[in-house]
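Asks: Give me a model of this one.
(one chain, ligands or ions: 1)
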Amino acid sequence: MLPIFIRWTPLMIRNSRSVPLLACVTLASCAGPQSALDPAGPSAASIHQLGIIMYIGASAVTLLVAVLMLVPFMRKNDSRANRKLFLWTGVLLPAVTLTALVPYVLAVGHETRTPASPNQLSIDVTGSLYWWSMSYRRTSELTEIATANELRLPVGEPVELSLRSNDVIHSFWAPNLAGKTDMIPGRVTRMVIQADRPGIYRGQCAEYCGLQHSLMAFDVIVLPRREFDAWLARLTQPVREPPAPELQQGRDLFVSIGCGECHTVRGVVESRRGPDLTQVGARRTIGAGTLPGGVGNIAAWIASAQHLKPGNAMRSYDQLEGPQLRALAYYLESLK
Ligand SMILES: [Cu+2]
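Replies: Purely as a prediction, here's the structure:
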């Protein structure tokens, strides 16, 4: 086996043009905004460590099994020796390894689910086909402030998430920060998340939930405490009167056309059937990761939501006149 491996590997490497590509892909997948191999918080770090121990353990076991497979070839059949070998490697070795691993795995599981302390920030995250609602509250205060498809966190602080689902089972997964947690209809699942490095990470629904499951993503934006507080304070304010007539026209159209049947713009219209749009102009993406943000893509989304993300719960407003679409998109873009 080994000689074959030694003879063929260089040949395969020399002949295959895909090797550099493969190497790049493999290396690139180690770091980045959506990688469990690049932990940015304590819970992801302990999962990462557990993963490494598992990889090493599994490789050692594979190697050992491969070596042991050679044993029968090297000596005559001796049933006593075979029984002894079986006892050591078939019973004792797995028993010892598993007994050591189980408490460790349980400890890691427990660590990643420690309850939050009172007065700490708590966020309700609700999954719907195919978008996320994030609703902020401090345990000491009752008011809730909602936003969508974007989770902002203060750096270095444990934050409690209450995960819910509006329809089917979804799963909340921001690989750089924590393990997957299912969102089950009719149940509230709690988890504690902490990010120790400011930055922008990406999360994704990790439980197949329907046609647009892969376009159900969200950003995690980790900010220094003061910036976070300033952002949250701004989010609580009702949206101010649009300064320009074109924006006012957009606002009036937004209300008269019935966008408020599903969307909230705080102080203008109120509904929770679709994503909160109070700060939609500040979002990095539109349609839960479908398109980058910006006025052009907001207009594209309004006119052809069903074309861009077939089966999502908003219809395409393709009968709108150009100037109407423009006014709507500029209005939404101004909401920051
Ligand atoms: Cu989902």
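Asks: For Gly156, give its distance to Asp252.
Replies: 44 Å (CB to CB, to the nearest Å). Every C-beta, even on glycine, is put in place using the N, C-alpha and C of the backbone.
Asks: what does the chain put close to the ion?
Replies: When proximity is defined by CB under 5 Å from the ion, the chain lies next to the ion at His170, Cys205, Cys209, Met216.
Asks: at 6 Å instead, please
Replies: Counting by CB under 6 Å from the ion, the chain comes close to the ion at Gly127, His170, Cys205, Glu207, Cys209, His213, Met216.
Asks: will you turn these into a markdown table that also has pLDDT, neighbour count and distance to Lys309?
Replies: Shown next, in a markdown table, are the residues of the chain next to the ion (pLDDT from 0 to 100; neighbours: other CB atoms under 10 Å; distance: CB to CB, whole Å):
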| residue | pLDDT | neighbour count | distance to Lys309 |
| --- | --- | --- | --- |
| Gly127 | 95 | 27 | 16 |
| His170 | 96 | 30 | 16 |
| Cys205 | 96 | 28 | 13 |
| Glu207 | 94 | 19 | 18 |
| Cys209 | 94 | 20 | 13 |
| His213 | 94 | 17 | 11 |
| Met216 | 96 | 28 | 10 |
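Asks: Could you work out the most separated pair of these?
Replies: Gly127 and His213 (10.7 Å; CB to CB).
Asks: what sits in contact with each of the two?
Replies: Cys205 (CB atoms under 8 Å, 6 or more residues apart in numbering).
Asks: need the strands for the stretch 101-250 of the chain, in chain order.
Replies: 121-128, 131-138, 145-148, 150-154, 159-165, 170-173, 181-183, 189-193, 199-205, 217-223 (DSSP state E, counting those that start in this stretch).
Asks: bridging residues for the residue most central in space within the chain?
Replies: Centroid-nearest residue in the chain: Gly203, 1.9 Å away (criterion: CA atoms, centre = their mean). Gly203 has the following beta-bridge partners by DSSP bridges: Phe218.
Asks: give the contact list for it.
Replies: Here Gly203 is in contact with Gln34, Leu151, Phe172, Trp173, Ala174, Pro175, Ala217, Phe218, Asp219, Val220 (CB under 8 Å, 6+ apart).
Asks: Repeat that for Asn77.
Replies: So Asn77 contacts nothing (CB under 8 Å, 6+ apart).
Asks: Please report how far it lies from Ile123.
Replies: 65 Å.
Asks: Show me what residue of the stretch 1-150 of the chain gets nearest to the ion.
Replies: Gly127 (5.6 Å; CB to the ion).
Asks: Give me the phi and psi angles of Tyr186.
Replies: For residue 186 the amino acid is Gly, not Tyr. The phi/psi pair for Gly186 (degrees, to the nearest 10) reads phi 80, psi 0.
Asks: burial count for it?
Replies: 6 (other CB atoms under 10 Å).
Asks: roughly how far apart are it and the ion?
Replies: Taking CB to the ion, to the nearest Å as the measure, Gly186 falls 16 Å from the ion.
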